[in-house]
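**Q** Kindly generate the corresponding structure for this input.
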Amino acid sequence: MVKQTTSGEHYSVPEAAAYLNTSIRFVRRLIADRRITFYKLGRHVRFKRADLEAFVQAGRVEPITADSVLRDLRRAV
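**A** Residues are numbered from 1 along each chain as shown. Below you'll find the model as predicted:
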């Protein structure tokens, strides 16, 4: 179990993985690919909660509705 930081604002890699409900390896891959905002404090890597939330929101996919299907069909014609 990962202990949360006391400030609640900055997360380590294991804490960020727990927050995102993913593996530590996945978070490290996001860092290596520069797909997520992170902060280097010496040799330590930290994340802000707002940056983790922004990453989650960037991956949001809207559900398909009848209106969106019709709109896409009109674009295809």
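**Q** Around G42, how many other residues sit close by?
**A** G42 sits with 5 neighbouring residues when counted by other CB atoms under 10 Å. To be clear about C-beta, it is placed using only N, CA and C from the backbone, and glycine gets the same treatment.
**Q** Show the pLDDT at it.
**A** Predicted confidence (pLDDT) for G42: 95.
**Q** residue ranges with poor pLDDT in the chain?
**A** When residues are selected by pLDDT under 70, those of the chain lie in 1-8.
**Q** redo that, cut-off 90
**A** Along the chain, the model assigns pLDDT under 90 to residues 1-9, 61-77.
**Q** Could you measure from the most centrally placed residue in the chain over to R75?
**A** Computing the C-alpha centroid of the chain and ranking residues by CA atoms, centre = their mean puts F55 first, at 3.2 Å. Distance of F55 to R75, given as CB to CB, to the nearest Å: 29 Å.
**Q** chain center to the longest strand that the chain contains, what's the gap?
**A** Ranked by number of residues, the top strand in the chain under DSSP state E is strand 44-48. Centroid displacement of strand 44-48 relative to its chain, using CA atoms, centre = their mean, to the nearest Å, is 13 Å.
**Q** So what's the residue count around D33?
**A** Neighbour number of D33 under other CB under 10 Å is 8.
**Q** Quick one: the strands in this protein, in order.
**A** In order along the chain, the chain carries the following strands (DSSP E): 10-11, 39-41, 44-48.
**Q** residues contacting V45?
**A** Residues in contact with V45 (CB atoms under 8 Å, 6 or more residues apart in numbering) are 12-13, 31, 38-39.
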